[in-house]
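Visitor: Based on what follows, work out the 3D shape:
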Amino acid sequence: AVVKNSLVADGCMIEGQVENSILFRGVRIGRGSVVRNCILLQDTFVGSDVQLGCVITDKNVVIKDGRTLSGHESMPFFIGKGLMV
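Guide: Take a look at the predicted model:
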């Protein structure tokens, strides 16, 4: 795991890279995933080889392996509660 300039709550499991982000309790980041400028709420699961940029997730979101999701600093990409992408 590589974590830079981020806030990470207890219970998070990071196997990828996190930069300039906020991770709430129970967030899991899969192997080879890159998370930049994101806010991931409680129990968000990010699969392997995922690229996230300027993304905000609500609780219990699942992002499947190999996905690339990107928003903009002024208009982040939002994923609602309990959704699977």
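
Visitor: Strands of this protein, residue ranges please.
Guide: Counting by DSSP state E, the chain has strands at residues 2-4, 7-8, 13-14, 17-19, 22-23, 28-29, 34-36, 39-40, 45-46, 51-53, 55-57, 62-63, 68-70, 77-79.

Visitor: Please list the residues outside stretch 70-85 that contact it.
Guide: The set of residues external to stretch 70-85 that reach it, using C-beta atoms under 8 Å, 6 or more residues apart in numbering, is 37, 51-64, 67, 69. Just so you know, the C-beta spots here come from the backbone N, C-alpha and C atoms, and that holds for glycine as well.

Visitor: could you list every residue that touches D58?
Guide: Taking C-beta under 8 Å, 6+ apart, we find D58 in contact with 41, 78-83.

Visitor: Count the residues that sit near the closest residue to it other than its chain neighbours.
Guide: Distances taken as C-beta to C-beta, 6 or more residues apart in numbering put K81 closest to D58, at 4.0 Å, once the chain neighbours are dropped. When counting by other C-beta atoms under 10 Å, one arrives at 10 neighbours for K81.

Visitor: how much space between K81 and Q17?
Guide: The gap separating K81 from Q17 is 26 Å, by C-beta to C-beta, to the nearest Å.
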